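Asker: Please find the sequence and the predicted model below.
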Amino acid sequence: RGMKLSNKTEKLRTLLAEDGGLVLPGCFDALTARLIERAGYPGAFMGGFAVSASRLGAPDTGLISYSEMLDQGRNICAAVDIPVIGDGDTGYGNAVNVQRTVKGYADAGFACVMIEDQVSPKKCGHTQGKQIVGRDEAFSRIQAAVDARDSLREGGADILIMARTDANATDGIEEALLRARTFAEIGADITFLEAPKTIEEMKAYCDGVPGPKMANMVEEGETPFLKPERLAEIGYKGIIYPISLMLAGLQVMEDALASIKGGTHPDNLAGFGHLRDVVGFPEYYDVEKKYTTD
């Protein structure tokens, strides 16, 4: 079991070392993770916004708990062979909680866990009212995560740490850059400066911080919405689309409900056979046949 988990982390590590941008669509359940894998993407991102919306029908304002995120993540990671990055929010408490979160996410099968410097309860990075913890607390949070990662490696397990700062919204780009640089120095595998507002800020981040960097493409968000090639040119390695699939599904499902209500049947549905394929009926029947005793 430890081998399987570290394989996904090793896959992600290899992908991060390759040239070009790494496009990681956002999943929020096992089905969307499987669709991402079937579409040929090298990995996926499980974000708190989409999981909170799909699992609770609630906003991403720290209402969802560690155990709910972990449960969702375990199902997602078990459904696919591609590496998944999991949103670990603030680590759900103090430094000891952060270490529990890192170990829990590694055990669930995540290749990487994201820990951020917001005050708990946190808020979606592209909404109002965000607050961040002081520098010392932010740095000790990431130090705790890195220490947990290192102790996991000693025991044969593996996970990467993505350290996120939301300081740009509250204290400006210089503070955000200082935090991101320090996260990299502490030993974070990937940094994530959330919600740069201009291409200049994006360049300042990519030029001023070492190691792999994450771009967050949120439709109608705070950050310029650029193509993957452009983001890679600027210096980003990872490119996540945390709510694109949810927005796509929302539109199509609302259209289908309106059609049914209006007495017509939706005309743009997937085939039932295709759905059976996606969720694995053919594989199930193969295994069932193997063990049938008549």
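Answerer: Looks like it arrived, so ask away. Numbering: from 1, shown residues only.
Asker: hmm, who's touching the longest helix seen in the chain?
Answerer: Using DSSP state H, we find that the single longest helix of the chain is helix 135-154. For helix 135-154, contacts defined as Cβ atoms under 8 Å, 6 or more residues apart in numbering pick out 90-91, 95-96, 98-99, 101-103, 106, 113, 115, 117, 132-133, 158-161, 163, 165, 178-179, 182-183, 186-189. C-beta coordinates here come from the backbone N, C-alpha and C atoms, glycine included.
Asker: could you show me where the helices are in the stretch 151-294 of the chain, in order?
Answerer: Using DSSP state H, counting those that start in this stretch, the helices of the stretch 151-294 of the chain run over 167-170, 173-186, 199-208, 228-234, 244-261, 272-279, 281-290.
Asker: Could you give the average pLDDT over the third one?
Answerer: Regarding helix 199-208, the rounded mean pLDDT is 98.
Asker: distance of the closest residue to His265 other than its chain neighbours from Pro266?
Answerer: Leaving out its chain neighbours, the residue that sits closest to His265 by Cβ to Cβ, 6 or more residues apart in numbering is Ser259, at 6.4 Å. Distance, Ser259 to Pro266, by Cβ to Cβ, to the nearest Å: 4 Å.
Asker: so how far is stretch 176-195 off the chain centroid?
Answerer: 16 Å (Cα atoms, centre = their mean, to the nearest Å).
Asker: Check the separation of the first and last residues in it.
Answerer: 10 Å (Cα to Cα, to the nearest Å).
Asker: pLDDT at the residue positioned nearest the centre of the chain, what is it?
Answerer: Nearest residue to the geometric centre of the chain (Cα atoms, centre = their mean): Phe45, 3.0 Å. Listed pLDDT for Phe45 reads 98.
Asker: and what of Lys4?
Answerer: At Lys4, the pLDDT recorded in the model is 47.
Asker: Over to the one 4 residues further on?
Answerer: Predicted confidence (pLDDT) at Lys8: the value is 96.
Asker: ditto for Thr61
Answerer: We have a pLDDT of 89 for Thr61.
Asker: Can you report how many residues neighbour it?
Answerer: 15 (other Cβ atoms under 10 Å).
Asker: Make sure it is actually in contact with Cys124.
Answerer: Yes: taking Cβ atoms under 8 Å as the definition, Thr61 is a contact partner of Cys124 at 7.4 Å.
Asker: Against Glu200, how distant is the closest residue to Gly235 other than its chain neighbours?
Answerer: Using Cβ to Cβ, 6+ apart and skipping residues adjacent in sequence, the residue nearest Gly235 is Cys206, 2.9 Å away. Distance of Cys206 to Glu200, computed by Cβ to Cβ: 11 Å.
Asker: neighbour-wise, which of these two wins?
Answerer: Neighbour count, other Cβ under 10 Å: between Cys206 and Glu200, Cys206 has more, with 19 against 11.
Asker: dump the residue contacts of the more buried one.
Answerer: 213, 234-236.
Asker: of those, buried ones?
Answerer: With neighbours counted by 16 or more other Cβ atoms under 10 Å, those contain buried members at 213, 234-236.
Asker: Present the contacts of Cys206 as JSON lines; the columns should include pLDDT and distance to Gly86.
Answerer: Shown next, in JSON lines, are the contacts of Cys206 (pLDDT from 0 to 100; distance: Cβ to Cβ, whole Å):
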{"residue": "Lys213", "pLDDT": "98", "distance to Gly86": "18"}
{"residue": "Ile234", "pLDDT": "98", "distance to Gly86": "25"}
{"residue": "Gly235", "pLDDT": "98", "distance to Gly86": "24"}
{"residue": "Tyr236", "pLDDT": "98", "distance to Gly86": "20"}
